[in-house]
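**Student:** turn this into a model:
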Amino acid sequence: MDTINWLKTLIGFDTTSRSSNLQLIHHIADYLCQAGLDPWLAHNDIGNKANLFVTIPAADGSVHDGIVFSGHTDVVPVDGQSWSSEPFVANIHEGRLYGRGSCDMKGFIAAVLAALPQMQSAALKKPLHIALSYDEEIGCLGAPVMLAELARRGLNPQHCIVGEPTNMRMVVAHKGIHTFCCEVHGKSAHSSLTPQGVNAIEYAAKLIVYINQLAGKLQQRADLDQAFDVPFSTLSTGVIQGGTALNIIPNHCTFEFDYRNLPHMSPADVAEPIRAYIRNVLEPAMQATDPHCHIDFFQRENVPALDGADNALLQALIAQLVDNSQLSKVAYATEGGQFQAAGIHTIICGPGSINQAHKADEYIELAQLARCDHFLSKLIRTQLPKHKNRHSTHRNTP
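**Tutor:** Numbering: from 1, shown residues only. As a prediction, the model looks like this:
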């Protein structure tokens with residue numbers, strides 16, 4: 001099938017992150033098996049989702065080294081969105097293909113699958129690999145499982161292209177995303193007797209104000225990166241819950257915030273001062289009324305940034321294949337940082353615009369799909385330039 005027909009097929013599978021992706025995965029696995037390849041799956045703990053990995057060997061039969069084409073199979077929900085057409089039925093209109101996942105990021109996966117016959121007929125000097133993951137949209141949960149299995153099998157691809165929508169521009173770095181949860185445990189009392197209680201909402205508010213002040217300090221740091229559209233690391237509180245009734249001092253409040261870090265910064269840069277503020281300021285004040293009051297602070301998502309510092313060889317190759325070789329950096333996170341942490345040199349380049357992702361009437365321009373087809377065709381025919389330090393000497397297992 002060509003790219004458009006593949007994309008129509010992929011959109012037809014509802015792979016919203018809360019659901020299983022196995023129907024789509026098995027459909028692709030069957031196609032790969034019919035093509036004479038040997039895909040393998042790596043499932044989540046309960047077995048209702050799977051990653052897929054397959055290698056197209058080099059002409060000499062080698063399965064080591066080479067380039068990975070990486071994409072995630074899950075999509076975000078359509079709940080509460082007003083669509084003009086059925087979101088899980090592809091609809092082509094005025095040069096655009098509409099459907100959930102068309103842009104983010106089944107368009108790239110469709111182009112890769114459509115290019116498989118060319119991959120197999122080419123006299124590859126190095127293998128090519130296809131990596132399809134689950135649960136990228138809810139914390140990049142699938143890629144570490146796949147990368148661990150890759151290491152267990154002794155496979156060592158050296159380069160990776162993550163096909164997130166970049167309008168076929170080369171993105172060499174992105175921020176990480178780390179989410180945190182704070183649970184404030186206070187003491188209930190009647191609202192007329194405030195000195196006898198410890199108001200969990202008020203202490204949560206104090207902590208949120210501190211986090212906001214810390215965000216302001218991040219914005220004023222000297223080590224900003226102006227290549228990013230937002231050149232500093234950010235903090236943002238997004239969810240808060242607490243309270244029982246207006247006349248009860250609340251004994252519990254929970255809130256969550258995220259930290260989008262520049263590649264040279266770490267979660268510890270914000271987590272440590274927040275913990276210190278909790279330990280040295282808030283908890284002593286709470287425990288002056290009741291020694292059992294406390295604040296639990298823990299991390300949930302942990303998706304590393306992509307820094308692009310060690311992939312000059314891959315960048316040189318991609319620069320030959322894209323219309324605009326200007327290096328870009330973006331604020332959103334991808335699985336690219338996880339591939340890089342596993343010792344695989346990684347860039348982000350795929351069809352479509354991130355501005356269309358996650359919205360009602362999500363679409364991808366047909367012209368973008370054509371550009372991706374052309375890009376992949378040229379890449380299959382092009383070899384990486386020789387470099388004596390091409391091979392990694394160390395790899396971290398996620």
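**Student:** in what helix or strand does the residue most central in space within the chain lie?
**Tutor:** Using CA atoms, centre = their mean, the residue of the chain that lies closest to the mean C-alpha position is Thr334, 3.0 Å off. In the assignment (DSSP states H and E), Thr334 maps to no helix and no strand.
**Student:** show me the contacts for it.
**Tutor:** Contact analysis of Thr334 by CB atoms under 8 Å, 6 or more residues apart in numbering lists 136, 140, 162, 164, 174, 306, 348. C-beta coordinates here come from the backbone N, C-alpha and C atoms, glycine included.
**Student:** wait, the fifth one sits on Glu335?
**Tutor:** I take that to be His174. No - between His174 and Glu335 there is no contact, the gap being 10.3 Å when judged by CB atoms under 8 Å.
**Student:** ok, Leu282 - how many residues close by?
**Tutor:** By the criterion of other CB atoms under 10 Å, Leu282 has 19 neighbours.
**Student:** show the pLDDT at it.
**Tutor:** At Leu282, the pLDDT value in this model is 98.
**Student:** ok, Ser392 next?
**Tutor:** Here, the pLDDT recorded for Ser392 equals 42.
**Student:** what do you get for Asp229?
**Tutor:** Residue-level confidence at Asp229 comes out at 87, pLDDT.
**Student:** likewise the one 10 residues further on?
**Tutor:** According to the predicted model, the pLDDT of Val239 comes to 97.
**Student:** what does Pro385 give?
**Tutor:** Pro385 is given a pLDDT of 49.
**Student:** can you give me the end-to-end distance of stretch 133-145?
**Tutor:** Stretch 133-145 has an end-to-end distance of 9 Å (criterion: CA to CA, to the nearest Å).
**Student:** same thing with stretch 117-128?
**Tutor:** As for stretch 117-128, its first-to-last residue distance stands at 12 Å under the measure CA to CA.
**Student:** just the ones of the contacts of Thr334 in strands?
**Tutor:** In this view, these that belong to strands under DSSP state E are 162, 174, 348.
**Student:** including neighbour count, distance to Met168 and pLDDT, could these go into CSV?
**Tutor:** Putting those into CSV (neighbours: other CB atoms under 10 Å; distance: CB to CB, whole Å; pLDDT from 0 to 100) gives the following:
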residue, neighbour count, distance to Met168, pLDDT
Val162, 31, 13, 98
His174, 28, 16, 96
Ile348, 28, 11, 97
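**Student:** what about the longest helix in the chain?
**Tutor:** The longest helix of the chain (DSSP state H) is helix 200-219.
**Student:** what's the offset of that helix from the middle of its chain?
**Tutor:** 26 Å (CA atoms, centre = their mean, to the nearest Å).
**Student:** list the buried residues for stretch 34-47?
**Tutor:** Residues of stretch 34-47 classed as buried by neighbour count (16 or more other CB atoms under 10 Å): 37, 39-44.
**Student:** can you list those residues in JSON lines and add secondary structure and pLDDT?
**Tutor:** Rendered in JSON lines, the data for the buried residues of stretch 34-47 read as follows (DSSP: H, G, I helix; E, B strand; the rest coil; pLDDT from 0 to 100):
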{"residue": "Leu37", "secondary structure": "coil", "pLDDT": "98"}
{"residue": "Pro39", "secondary structure": "coil", "pLDDT": "98"}
{"residue": "Trp40", "secondary structure": "strand", "pLDDT": "98"}
{"residue": "Leu41", "secondary structure": "strand", "pLDDT": "98"}
{"residue": "Ala42", "secondary structure": "strand", "pLDDT": "98"}
{"residue": "His43", "secondary structure": "strand", "pLDDT": "98"}
{"residue": "Asn44", "secondary structure": "coil", "pLDDT": "97"}
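**Student:** nearest to Gly107 among those residues?
**Tutor:** Looking at these and their distance to Gly107, the nearest is Pro39, at 20.8 Å (CB to CB).
**Student:** that older thread, in the buried residues of stretch 34-47, find the pair that's most separated.
**Tutor:** Greatest spatial distance in these: Leu37 and Asn44, 23.1 Å, computed using CB to CB.
**Student:** show me where pLDDT drops low in this protein?
**Tutor:** By pLDDT under 70, the low-scoring segments of the chain are 383-398.
**Student:** burial of Ile347, as a residue count?
**Tutor:** Neighbouring residues of Ile347 were enumerated by other CB under 10 Å; the total is 25.
**Student:** just to revisit the earlier point, could I get the ones in strands among the contacts of Thr334 as JSON lines with distance to Lys217?
**Tutor:** Output for those, formatted as JSON lines (distance: CB to CB, whole Å):
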{"residue": "Val162", "distance to Lys217": "32"}
{"residue": "His174", "distance to Lys217": "22"}
{"residue": "Ile348", "distance to Lys217": "29"}
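**Student:** what's the spacing between the residue nearest to the centre of the chain and Val303?
**Tutor:** Counting by CB to CB, to the nearest Å, the separation of Thr334 from Val303 is 8 Å.
**Student:** before we move on, back to that, now distance to Thr289 too, for the buried residues of stretch 34-47, in JSON lines please.
**Tutor:** What follows is these, written out as JSON lines (distance: CB to CB, whole Å):
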{"residue": "Leu37", "distance to Thr289": "66"}
{"residue": "Pro39", "distance to Thr289": "60"}
{"residue": "Trp40", "distance to Thr289": "57"}
{"residue": "Leu41", "distance to Thr289": "54"}
{"residue": "Ala42", "distance to Thr289": "50"}
{"residue": "His43", "distance to Thr289": "49"}
{"residue": "Asn44", "distance to Thr289": "44"}
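**Student:** what are the phi and psi angles of Gln226?
**Tutor:** For Gln226, the backbone dihedrals (degrees, to the nearest 10) come out as phi -70, psi -10.
**Student:** okay, how far is it across stretch 94-106, tip to tip?
**Tutor:** End-to-end distance of stretch 94-106: 20 Å, with CA to CA as the criterion.
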